[in-house]
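Novice: coordinates for the following, if possible.
(chains A and B)
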Amino acid sequence: MAAILELRNVSKSFGQGAKRVEVLKNINLTIEEGEFIAIVGFTGSGKSTLINLISGLIHPDEGEILLKGKRITEPGPDRGVVFQNYSLLPWLTVYGNIELAVKQVFPNLNAKERDGHVAKYIEMVNLTSAIHKHPSKLSGGMRQRVSVARALAMDPEILLLDEPLSALDALTRGSMQIEIERIWRESKKTVLMITNDVDEAILLADRVIPLTPGPGATLGTAFDIDFSRPRDKADINADPNFKMERNDINRYLMEIGKHRSKNNTKVYTLPGLSPIVPGNKRAIV
Amino acid sequence: MEKILASFDWLGLGFIGSLVKLLSGEEPKKNGIILFKKVIIPILSVFIFLGACNLFASYLFNIERDRKIEKTRESEGEQAAVEMQKCIDSGDLSCKPSSLPKPADVWHALQTLIADHKQISADKEAFIEQTAKTNELRRANGQSEITYTGRPSFIDQILTSLKTVFAGFLLAAFIAIPTGIVLGLSETLRNSINWIIQILKPVSPVVWLLIVSMVIKTLLAHADMDKSFLITFISVGLCCMWATLVNTTVGVSSVDKDFLNVAKVLRLGVFSKVFKIILPASIPHIFTGLRISLSVAWMVLIAIELLAQSPGLGSFVWEEFQNGASDSNAKIIVAMFVIGGIGFVLDRMMMMVQKAVTYKS
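Specialist: Model prediction:
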């Protein structure tokens, strides 16, 4: 299986002069076709920056990003992005939002074919009942599904999910995770998902790659996940290997997290205070 | 049934729904309270307002009356003063003191104006009938027709004002919206033109009227047409376009970055990007600007008509003021309420349109 996405020594910094912050440093990543990769990381470590680099919305300072061997220079529908805050156009219905993408990517379809294409992806995310509603009338989970359907309808080479479930409550998250796995299996796309939930990453991915905390974040060692597909949350939770896997990854993350706070060498002088007990006028020393 | 009530709600007459529900016995306490708050209390406040106006007008009337009697006493002696007093108290129009009219006077003036309008309309009809034959002949011979050149009635002047305000508003929208879109899209243009906009924005309608008069009179010096309508509606347009221009610029330049990212990922062309994403996203801003522009246009129109002496409510007010007839003040108050009422209706109409096009994000 060919490598569909490659990142070679990618680095990205923001700001000028003294305020220059190196967000990502020496990112190296290879993704095979059809894989489901999850990147877990701390808040503020540069996860969204990584997605924006791969999608082409920003450019790396160093290194290169190759999609099927060709360098990425600008955003495009070959990398379907599912944004963290959905980015649905509120004046269009669910159908309208997806139709916009289909019209743009497949301009040669006639009206009937286009209609079929749109309906197929709305069906895939289980939203046929809400097809003519506006995003303001949908719940968070439904909006996220529309966003996924739009990304899929572009028929991308790779699907980029930027913390897709962070804004949802825990219960919706659980059901959406199963949805995402099912959609991945049905559409057979390559998926790169950013998440801050280790359990979610283990449940869904073939490989879990931690992102070290910033500044200068880089990708740590990958963890291969061997559980059989389709993944069932209840079965996996009972599996002792799951706990081991989870503990391994969490321990790894905590190690590098400690390493981050070790770099904090600022010394704080605390004031010399001591408590006074009421009644006794003397301080307890 | 629900749909009919919902449409009343949408028109801003939500209390009718409560009234209907109350009469049919549905939730009497809740609907009764809603009706009380939305209908009974405002009606009461109208009566209180009229009562207060009456008191104030009476107070001013008495001051004016006493002053007139004193003046007569000083200039013509005690006997003339007593006669003046009798005259005023009898309500004779010839010696009535001129002051703020009472609500009753305003009501009478309104009825006079309506009767006047009916009279003038009847005269017009008669005139058209009389000259129908002559006009046919004139038309056949290629000559211009004889038109009615009598004095316009109050209602005619209201219609003229409305025509002018819509002409001016459309002109403003026609200039401001495309300009606003172009400025919103290009930061360079925005920075270079901003100073002109900021300097011209606060300019008074009077000054615009004078400038437009100068320009139109020069350009159309040879033309035989009535220039006053042209001058008036162009002045109104120039005065009120700034709100729409500024709001459109702001709306277009501050489209949510997420939407622009979607446009980038989909690789939308410039044309598609503007018409499919930027314009729909900025329509709420544009309509806010249009709403402000319409209310400014109406306010400015009266002042411009007054100064330019073009037919309309503004010139009606000025003529009544110059006239100084006994019920002129009352007629001016009638005009004031008509102007306010029309302004209210216009704003309500724009509000409904604005609600219809605003999406909830």
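Novice: distance check, A:G220 against A:G140.
Specialist: Look at A:G220 and A:G140: by Cβ to Cβ, to the nearest Å, they are 31 Å apart. Using the backbone N, CA and C atoms, a C-beta is placed for each residue, glycine as well.
Novice: more neighbours: the two, which one.
Specialist: Neighbours per residue (other Cβ atoms under 10 Å in any protein chain shown) separate A:G220 from A:G140, with A:G220 holding more: 19 against 16.
Novice: please tell me how far the closest residue to that one other than its chain neighbours sits from A:E32.
Specialist: Counting by Cβ to Cβ, 6 or more residues apart in numbering or on different chains, A:P210 is the residue found nearest to A:G220 once chain neighbours are left out, at 4.2 Å. Here the distance between A:P210 and A:E32 works out to 19 Å (Cβ to Cβ).
Novice: can you pull out the helices in the stretch 101-250 of chain B?
Specialist: With DSSP state H, counting those that start in this stretch applied, the stretch 101-250 of chain B shows helices at B:103-140, B:154-185, B:187-200, B:205-219, B:227-253, listed in chain order.
Novice: quick one: which of those is nearest A:L204?
Specialist: For A:L204, the closest of the helices of the stretch 101-250 of chain B is helix B:227-253, at 40.1 Å, according to Cβ to Cβ.
Novice: what comes up buried for the helix of greatest length in chain A?
Specialist: For chain A, the longest helix by residue count, based on DSSP state H, is helix A:240-262. Of all the residues in helix A:240-262, those buried under the rule 16 or more other Cβ atoms under 10 Å in any protein chain shown are A:F242, A:E245, A:R246, A:I249, A:Y252, A:L253, A:I256, A:R260.
Novice: rounded mean pLDDT for that helix, please.
Specialist: Per-region confidence: helix A:240-262 scores 81 on mean pLDDT.
Novice: does the residue nearest to A:G220 have beta-bridge partners, and which?
Specialist: Taking DSSP bridges, one obtains A:V40 as the residues bridged to A:P210.
Novice: tell me where the stretch 1-150 of chain A has helices.
Specialist: With DSSP H, counting those that start in this stretch as the criterion, the stretch 1-150 of chain A has helices at A:47-55, A:94-105, A:111-124, A:140-153.
Novice: for the residue of the stretch 51-200 of chain B at minimum distance from chain A, what are its contacts?
Specialist: In the stretch 51-200 of chain B, the residue that lies nearest chain A is B:I181 (16.8 Å; Cβ to the nearest Cβ). B:I181 makes contact with B:T248, B:V252, B:V274, B:I278, B:L279, according to Cβ atoms under 8 Å, 6 or more residues apart in numbering or on different chains.
Novice: tell me which of the residues you listed is nearest to B:A297?
Specialist: B:T248 (16.1 Å).
Novice: I'd like to know how many residues surround the closest one.
Specialist: Counted with other Cβ under 10 Å, residues neighbouring B:T248 total 29.
Novice: check the spacing between it and B:S235 real quick.
Specialist: From B:T248 across to B:S235, the span is 21 Å (Cβ to Cβ).
Novice: who's more crowded, A:P210 and A:E32?
Specialist: Using other Cβ under 10 Å, the more surrounded residue of A:P210 and A:E32 is A:P210, with 25 against 14.
Novice: for the more buried one, give me its contacts.
Specialist: If a contact means Cβ under 8 Å, 6+ apart, then A:P210 has A:I39, A:V40, A:G41, A:L219, A:G220, A:T221, A:F223, A:I249, A:Y252, A:L253, A:I256 as its contacts.
Novice: if we can go back for a sec, out of the helices of the stretch 1-150 of chain A, nearest to chain B?
Specialist: The stretch from the helices of the stretch 1-150 of chain A with the least distance to chain B (Cβ to the nearest Cβ) is helix A:94-105; that distance is 4.6 Å.
Novice: point me to the residue of the stretch 1-150 of chain B nearest chain A.
Specialist: Using Cβ to the nearest Cβ, the single residue of the stretch 1-150 of chain B nearest to chain A is B:A6, 17.0 Å away.
Novice: tell me how many other residues surround the closest residue to that residue other than its chain neighbours.
Specialist: Spatially, and ignoring its direct neighbours in sequence, B:A6 is nearest to B:G17 (8.0 Å; Cβ to Cβ, 6+ apart). Number of residues near B:G17 (other Cβ under 10 Å) recorded here: 18.
Novice: same question for A:T172.
Specialist: A:T172, neighbours per other Cβ under 10 Å, totals 16.
Novice: in what helix or strand does it lie?
Specialist: Mapping A:T172 onto the secondary structure by DSSP states H and E places it in helix A:170-187.
Novice: export that helix to PDB, keeping only CA atoms.
Specialist: Included here for helix A:170-187 are C-alpha records, laid out as PDB according to Å, rounded to 0.1, in the frame of the first residue of the first chain:
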ATOM      1  CA  ALA A 170     -19.800  12.800  26.500                       C
ATOM      2  CA  LEU A 171     -22.900  10.700  25.600                       C
ATOM      3  CA  THR A 172     -23.200  12.100  22.100                       C
ATOM      4  CA  ARG A 173     -19.400  11.600  21.800                       C
ATOM      5  CA  GLY A 174     -19.800   7.900  22.400                       C
ATOM      6  CA  SER A 175     -22.400   7.400  19.700                       C
ATOM      7  CA  MET A 176     -20.600   9.700  17.300                       C
ATOM      8  CA  GLN A 177     -17.400   7.700  17.700                       C
ATOM      9  CA  ILE A 178     -19.200   4.500  16.500                       C
ATOM     10  CA  GLU A 179     -20.700   6.500  13.600                       C
ATOM     11  CA  ILE A 180     -17.200   7.700  12.600                       C
ATOM     12  CA  GLU A 181     -15.800   4.200  12.600                       C
ATOM     13  CA  ARG A 182     -18.800   2.900  10.500                       C
ATOM     14  CA  ILE A 183     -18.400   5.800   8.000                       C
ATOM     15  CA  TRP A 184     -14.700   5.100   7.700                       C
ATOM     16  CA  ARG A 185     -15.300   1.400   7.000                       C
ATOM     17  CA  GLU A 186     -18.100   2.200   4.500                       C
ATOM     18  CA  SER A 187     -16.300   4.900   2.600                       C
END
